[in-house]
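Peer 1: Need a 3D model of the following:
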Amino acid sequence: MRSLVLLLAVLALGGCMNVSDMAEGTRYHMSDAGLLDHSDSRRVNNLRIQPDSFIYIAQGAFAPPGSAYPRPNVVAEEAFNGFIEYFPMVRRARAPAGLDAAMGEARAAGAHYLLYTRFAKADDRIGNSDEWLDQEQVDRLGIDNGVIQIMLIETSTQYLIDTARIKSRGGLLTFHDNKPEDLLGPPLEQYARSLLGLSDQ
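Peer 2: Below is the predicted model:
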C-alpha cells in the first residue's frame, strides 16, 4: 500500500513539472548554494530595444585591480558571443578603446547603440596545481569572482539608455582550472535577452 501511494505521488509530481523545468530548478538552487557558477545582474533601467538594432560592442582599456590579468578585450568578446544569437546586427571592436574613440568607431560603423564594457574587478583564486605551485598561499585557495560594468549608449544622441553591473563567482564544483573571465558568458547572454524582454530559460 505504501509503495502504491509513493508511486502515485511521483506520477502526480511528474505531471506537474517536466524534466527540463526540474533540471533548471536544480541548477538554480545549486548555483545559489555556491556549488555551481553564479551571477547577479543589476540593471538601472528596464528598457527594451528592437531586435534589428545595430549594436557595436567595445571594452575600455581599464585593467581590473587584483592579481588577475584577463585578456585585454575579453569582456567585448564574450558580450559579442552572447549578443550574436539575439541581435543579428552586432559588431565588436578589435581592441580596447576609450569611450570617445569607441563612440567614434560605433558611429562610423553606422551602429544604433554602443555597448561599452569594462572589467571592474577580477580575483583569480588558486584553482589547480600549477597555480598552487606559483603562489603557494593558503589564503588564495578558493573560487574566482569578478565584476563587470556595462553602459548602453545611443550613438545618435549619446543618451545613456541603460547601465548594468554584473557580479559573478565560481562554484565549488566548477572552480578547477577556471578564471574570472570564464564566468562572463552566461550573464552577458542573459543581459542580451533582457534587452529584448525575454525571460530566462
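
Peer 1: from here on, contacts and neighbour counts on C-alpha atoms
Peer 2: OK.

Peer 1: Run through the protein and note the low-pLDDT ranges.
Peer 2: Along the chain, the model assigns pLDDT under 70 to residues 1-39, 66-68, 124-143, 169-180, 200-201.

Peer 1: how about the strands in it?
Peer 2: 38-43, 55-59, 90-92, 113-123, 145-154, 160-169 (DSSP state E).

Peer 1: Point out the most buried one among those strands.
Peer 2: Counting by mean count of other C-alpha atoms under 10 Å, strand 55-59 has the highest mean neighbour count of the strands of the chain, with a mean of 28.

Peer 1: by how many degrees do it and strand 113-123 diverge?
Peer 2: With axes from the mean of the first three to the mean of the last three C-alpha atoms, to 10 degrees defining the directions, strand 55-59 sits at 30 degrees from strand 113-123.

Peer 1: Check which helices and strands strand 55-59 sits against.
Peer 2: Contacts defined by 3 or more C-alpha pairs under 8 Å, 6 or more residues apart in numbering; DSSP states H and E place strand 55-59 against helix 74-83, strand 90-92, helix 99-109, strand 113-123.

Peer 1: and with 6 Å instead?
Peer 2: Other elements packing on strand 55-59 under the criterion 3 or more C-alpha pairs under 6 Å, 6 or more residues apart in numbering; DSSP states H and E are helix 74-83, strand 90-92, strand 113-123.

Peer 1: Rebuild those as a markdown table, extending it with distance to residue 197.
Peer 2: Below are the helices and strands packed on strand 55-59 laid out as a markdown table (distance: least, C-alpha to C-alpha, whole Å):
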| stretch | distance to residue 197 |
| --- | --- |
| helix 74-83 | 14 |
| strand 90-92 | 18 |
| strand 113-123 | 17 |
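
Peer 1: which one of those lies closest to residue 182?
Peer 2: Smallest distance to residue 182 across these (C-alpha to C-alpha): 9.1 Å, for helix 74-83.

Peer 1: residues contacting residue 57?
Peer 2: By C-alpha atoms under 6 Å, 6 or more residues apart in numbering, the contact list for residue 57 reads 76, 92, 114-115.

Peer 1: can we see that at 7 Å?
Peer 2: Going by C-alpha atoms under 7 Å, 6 or more residues apart in numbering, residue 57 touches 76, 80, 91-93, 114-116.

Peer 1: from those, which is closest to residue 47?
Peer 2: Taking the contacts of residue 57 together and measuring to residue 47 by C-alpha to C-alpha, the closest member is residue 115, at 14.3 Å.
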